[in-house]
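In: from the sequence below, what's the structure:
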Amino acid sequence: MHLNTVYITVGTTKFDALISTASSEPALKALQKRKCTKLVIQHGNSQPLTDDEIQLIKKNYGIQIEQYKFRPNIEDVKSADLIIGHAGAGTCMDILNNHKPGLIVINDTLMDNHQLELAKQLAAENYLYYCKVTDLDAQLATLDFTALKPYETNPENLSKFVSAINQLMSH
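Out: Okay, the predicted model is just below:
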């Protein structure tokens, strides 16, 4: 499976570890092997890549970088061959509703990590994968994104998702 365009999103959070790991040499090598030619990074309140870093990535890996803080992201979601993101409910729903392969990266610096529960549930149903930020490069190199099943938007699944969210929020 070619991952020509990969979209990375942190939503409204600050998740510097995700941005720096996704743009590290091991992760970029894994993306290059999967034929990635464009990396779109929505960095939110995280530290963006510098112009020098962007030029080096293009030169060394042939991957073009586009980055921004915030903007409506539906076009980025629709054009992505893979979505890598934090485990926010909005990111999970973007992956599911647009039938995109997804890799959710858990921010384990959060105190109340209800995001992990949501990611575990969706991964258990084979809709997406999840990992810790320290495992991102290894997961990018080895996961079979074709093994994921598409999410069917129907009342039963929607009600399961809403119920899972409500359960997480009540903790």
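In: could you use CA atoms for every contact and neighbour count after this?
Out: Will do.
In: would residue 56 count as being in a helix?
Out: Yes: counting by DSSP: H, G, I helix; E, B strand; the rest coil, one finds residue 56 located in a helix.
In: helices of the protein, residue ranges please.
Out: Taking DSSP state H to define them, one finds helices in the chain at 16-22, 25-33, 51-61, 74-79, 89-97, 114-124, 136-142, 155-169.
In: how about these, which one is nearest residue 8?
Out: Of all the helices of the chain, helix 16-22 sits nearest to residue 8, with 8.0 Å by CA to CA.
In: for residue 19, see how far away the closest residue in space to residue 11 that isn't next to it in sequence is.
Out: Nearest in space to residue 11, with sequence neighbours left out and distances taken as CA to CA, 6 or more residues apart in numbering, is residue 44 at 5.9 Å. Separation of residue 44 from residue 19 (CA to CA, to the nearest Å) stands at 10 Å.
In: bridging residues for the spatially most central residue of the chain?
Out: In the chain, the centroid-proximal residue (CA atoms, centre = their mean) is residue 84; its distance is 1.5 Å. Residue 84 has the following beta-bridge partners by DSSP bridges: residue 8, residue 103.
In: surely it and residue 95 touch.
Out: No: between residue 84 and residue 95 no contact is recorded; they are 9.3 Å apart, counting by CA atoms under 8 Å.
In: shared neighbours of the two, anything?
Out: Taking CA atoms under 8 Å, 6 or more residues apart in numbering as the contact rule, the neighbours common to residue 84 and residue 95 are residue 102.
In: ok, residue 70 - how many residues close by?
Out: Counted with other CA atoms under 10 Å, the burial measure for residue 70 works out to 15 neighbours.
In: for it, which non-adjacent residue is spatially closest?
Out: Closest to residue 70 by CA to CA, 6+ apart is residue 44, at 5.9 Å.
In: test my guess that that neighbour contacts residue 18.
Out: No: with contact defined as CA under 8 Å, residue 44 and residue 18 do not form a contacting pair (11.5 Å).
In: many thanks, have a good one.
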